[in-house]
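>>> heads up, no residue letters with this:
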């Protein structure tokens, strides 16, 4: 062992600080709202072989260095080189939809390549069928914008301006594209400089051994957690995606985790339904399941880092070409977030089936795209709205989360930058699944349109198959979108749809789904139910019907509650509308 334990922790902290500084720079210098305000970006540090060594809890679900290394051998690289791609199929799903741009740079010390740094970010518009490059209407990936194969963007510090000109020309908002590109390049540059400083201080051999130890440590810990969770044999779980926006569905994700007698872990997804005509296909990189399980097993341990060790703990991931998780080129992928979120929930389901203690299911974050013209200029409001996450075995689910560390747009930001007025913004009451621990609640937003006309694209899932509850907990509430609610012009929008035309004065009410509950609702202390009612998370009606708690004049009627709870409804392992032993 070249790197001693104390130095290992210093290098871990310094590398994590470098990665965090890259994120901070990108957030503060990007132009488009989805990067600057939504924080839809990621940075990471890799070892000299291209293995993810230090990341954050906003995960990269795939091997992003392999496509570059296949096209540009390591021995040809030099200081100042910068590589770029967004090719989903060419990267085996390391990039899962075309809006995400990956920039990768090698780091050298004493003439040797010692590490890589990477930044990726979601660009607002890269061409395609509709502004925003994402639409339920797409039928192939070419309609989702320009595709960049692994490309050498800079050679020894000399930038290839021509290829960037082509890229920006394909965007409907080239100023944003230009600004975001510069921010992403600056982020990668600061990462290269910080890693060079670490290498200068500790030396290439010590840093290489430190990164190797971090990977090995994560792999060992995740593998140990897998052994504790999954007994020898096969464990199965199924989750469901509602629809694909083209009249097809539901689509089933069927997972089977096998632990062999010699302690190999094999995840089989081959019984998953066939790929969709619409853009809910998720080209899942084989590293995704292990990375996701690693995040779960190591969550809350500040001494650990997210890296490829989690992926290495799964010995084999089996995919079936032509399925929803391994679609054939050129199937559309733009709304792959729906299926990715169901896949993450299904992995939690596998853990629960095996006797582990994963959360109940979460809802899938909601995205709307409002497009139109104001005073002769085009606008694109891409608003990602938070949902409820599943209750945990020892605590309530999280309310109003978009995805991990990403944020909901503030009211002030929306009203200053887009032709909308926010009439309401708050918790979607009763959307969290009832249980001993309540599922997280979704959000309610009401937008008044101030443009003469606009086209709206909707992305909501979990309407027909809401987030499931576990261990007696009940399923979360569904999301919905309604135009002009409570008026003669009220109409309900299709959950995955585009070309919804709105006019000045129209009101869009968006209600997002909640997470599933954990444990029987009648076991939740009445005082906690009362707190939820007073805080606006649960109605008095739901308190009575779901929790068996009678609330009168702002307090619990203890005698009536005790009487109500004597008729305890029987429960089973899972709940999605009704209690079942197995979800299918």
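Looks like it arrived, so ask away. No experiment lies behind these values; they were computed from the predicted model shown. Residues are numbered from 1 along each chain as shown.
>>> Now residue 166. Its backbone dihedrals?
Dihedral angles of residue 166 (phi, psi; degrees, to the nearest 10) stand at phi -60, psi -40.
>>> Same check on the one 3 residues further on?
Backbone geometry at residue 169, expressed as degrees, to the nearest 10, gives phi -70, psi -20.
>>> confidence score at it?
Reading off the confidence values, residue 169 has pLDDT 98.
>>> How many residues are close by it?
Residue 169 sits with 11 neighbouring residues when counted by other CB atoms under 10 Å. In short, each C-beta sits where N, CA and C put it, glycine included.
>>> heads up, I number from 15, so please use that
Okay, residue one is now 15; in that scheme the one you just asked about reads as residue 183.
>>> now it: how far from residue 140?
In this structure, residue 183 and residue 140 are separated by 11 Å, where distance is defined by CB to CB, to the nearest Å.
>>> One more: residue 568?
Applying CB to CB to residue 568 and residue 140 gives a distance of 53 Å.
>>> do residue 338 as well
From residue 338 across to residue 140, the span is 24 Å (CB to CB).
>>> So for residue 70, what's the pLDDT?
Residue 70 is assigned a predicted lDDT (pLDDT) of 79.
>>> ok, it - contacts?
Shown in contact with residue 70 (CB atoms under 8 Å, 6 or more residues apart in numbering): 30, 33-34, 37, 56-58, 320, 419.
>>> Now do the helices in the stretch 265-414 of the chain.
Assigned by DSSP state H, counting those that start in this stretch, the stretch 265-414 of the chain shows helices spanning 302-312, 323-326, 350-367.
>>> ugh, wrong one, the stretch 465-598 of the chain
Listed in chain order, the helices found in the stretch 465-598 of the chain under DSSP H, counting those that start in this stretch are 540-549, 554-561, 572-579.
>>> Give the other helices and strands that the last one contacts.
In other words, helix 572-579. In terms of contacts (3 or more CB pairs under 8 Å, 6 or more residues apart in numbering; DSSP states H and E), helix 572-579 is not packed against any helix or strand.
>>> name the element residue 117 belongs to?
Taking DSSP states H and E as the criterion, the element that holds residue 117 is strand 114-123.
>>> buried stuff in the helix or strand following that strand?
Elements were assigned by DSSP H and E; along the chain past strand 114-123, the next helix or strand is strand 126-136. Of the residues in strand 126-136, those scored as buried under the neighbour-count criterion (16 or more other CB atoms under 10 Å) are 127-136.
>>> Could you identify the helix or strand that succeeds strand 126-136?
Next in sequence after strand 126-136, counting helices and strands by DSSP H and E, comes strand 165-169.
>>> can you give me how far the lengthiest helix in the chain is from the chain middle?
Using DSSP state H to assign secondary structure, the helix with the most residues in the chain is helix 188-216. From the chain centre to the centre of helix 188-216 is a distance of 24 Å (CA atoms, centre = their mean, to the nearest Å).
>>> thinking again about what came up before, neighbour count winner among residue 568 and residue 140?
For residue 568 versus residue 140, neighbours defined as other CB under 10 Å are more numerous around residue 140 (26 against 9).
>>> For the more buried one, which non-adjacent residue is spatially closest?
Excluding its sequence neighbours, the residue lying closest to residue 140 (CB to CB, 6 or more residues apart in numbering) is residue 159, at 3.5 Å.
>>> So the one you found is in contact with residue 111, correct?
No. In this structure, residue 159 sits apart from residue 111 without contact. The criterion is CB atoms under 8 Å, and the distance is 9.2 Å.
>>> What are the neighbouring residues in contact with residue 280?
Under the criterion of CB under 8 Å, 6+ apart, the contact partners of residue 280 comprise 271-272, 274, 328-332.
>>> Give me the buried entries from those residues.
271-272, 328-329, 331.
>>> measure the closest residue to residue 427 other than its chain neighbours to residue 34 for me?
Leaving aside its sequence neighbours, residue 427 sits nearest to residue 51 (CB to CB, 6+ apart; 5.8 Å). From residue 51 over to residue 34 the distance is 19 Å, taken as CB to CB.
>>> Could you check which of those two has the larger neighbour count?
Neighbours were counted for residue 51 and for residue 34 using other CB under 10 Å; residue 51 has more, 20 against 13.
>>> gap between the more buried one and residue 431?
Distance of residue 51 to residue 431, given as CB to CB: 9 Å.
>>> do residue 482 as well
Distance of residue 482 to residue 431, given as CB to CB: 37 Å.
>>> Please tell me how far the residue nearest the centre of the chain sits from residue 70.
The structure's the chain has its C-alpha centroid closest to residue 417; by CA atoms, centre = their mean the separation is 4.9 Å. Applying CB to CB, the value for residue 417 to residue 70 is 13 Å.
>>> what does residue 163 give?
According to CB to CB, residue 163 and residue 70 sit 27 Å apart.
>>> one step back: keep only those of the contacts of residue 70 that are in helices.
Among the contacts of residue 70, the members falling in helices (DSSP H) are 30, 33-34, 37.
>>> filter these to the buried ones?
Buried members of the ones in helices among the contacts of residue 70, counted by 16+ other CB under 10 Å: 30, 33, 37.
>>> which ones are touching whatever residue is furthest in space from the centre of the chain?
Distance from the C-alpha centroid of the chain, by CA atoms, centre = their mean, peaks at residue 573 (44.7 Å). When contacts are counted by CB under 8 Å, 6+ apart, residue 573 touches no other residue.
>>> so what's residue 317 up against?
When contacts are counted by CB under 8 Å, 6+ apart, residue 317 is found next to residue 23.
>>> re earlier: so which other helices or strands are in contact with the strand holding residue 117?
Contact here means 3+ CB pairs under 8 Å, 6+ apart; on that basis strand 114-123 packs against strand 96-99, strand 126-136, helix 188-216.
>>> Can you list the strands that that strand pairs with?
Strand 114-123 sits in its sheet next to strand 96-99 (antiparallel), strand 126-136 (antiparallel), going by DSSP bridges.
>>> CSV please, covering these and showing mean pLDDT.
Written out in CSV, the entries for these read as follows (pLDDT from 0 to 100):
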stretch, mean pLDDT
strand 96-99, 98
strand 126-136, 97
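>>> Using a markdown table, lay out those together with distance to residue 399.
Putting these into a markdown table (distance: least, CB to CB, whole Å) gives the following:
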| stretch | distance to residue 399 |
| --- | --- |
| strand 96-99 | 29 |
| strand 126-136 | 15 |
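>>> and of those strands, who's closest to residue 447?
Distances from residue 447 to each of those were compared using CB to CB; the shortest belongs to strand 126-136, at 29.5 Å.
>>> Specify the angle between that closest one and helix 188-216 in degrees.
For the pair strand 126-136 and helix 188-216, the angle between their directions (axes from the mean of the first three to the mean of the last three CA atoms, to 10 degrees) equals 150 degrees.
>>> just how off-centre is strand 126-136 within its chain?
With CA atoms, centre = their mean as the basis, the distance from the averaged C-alpha position of strand 126-136 to the chain average is 21 Å.
>>> swap in stretch 147-155?
For stretch 147-155, the distance between its averaged C-alpha position and the chain's averaged C-alpha position is 19 Å (CA atoms, centre = their mean).
>>> What is the end-to-end distance of it?
Start-to-end span of stretch 147-155 (CA to CA, to the nearest Å) is 10 Å.
>>> neighbouring contacts of it?
Residues from elsewhere that reach stretch 147-155, judged by CB under 8 Å, 6+ apart: 102-103, 111-113, 139-144, 157-159, 161, 258-260, 291-293, 343-349, 381, 383, 471-473, 510-513.
>>> one step back: phi, psi for the residue nearest to residue 140 please.
The phi and psi values for residue 159, taken as degrees, to the nearest 10, are phi 110, psi 180.
>>> the strands in the stretch 365-514 of the chain, which residues?
With DSSP state E, counting those that start in this stretch applied, the stretch 365-514 of the chain shows strands at 380-388, 391-399, 434-441, 457-463, 467-473, 483-484, 494-497, 505-506, 510-517, listed in chain order.
>>> from those, which stretch is densest packed?
Per residue and on average, the most neighbours among the strands of the stretch 365-514 of the chain fall to strand 483-484, with a mean of 30 (mean count of other CB atoms under 10 Å).
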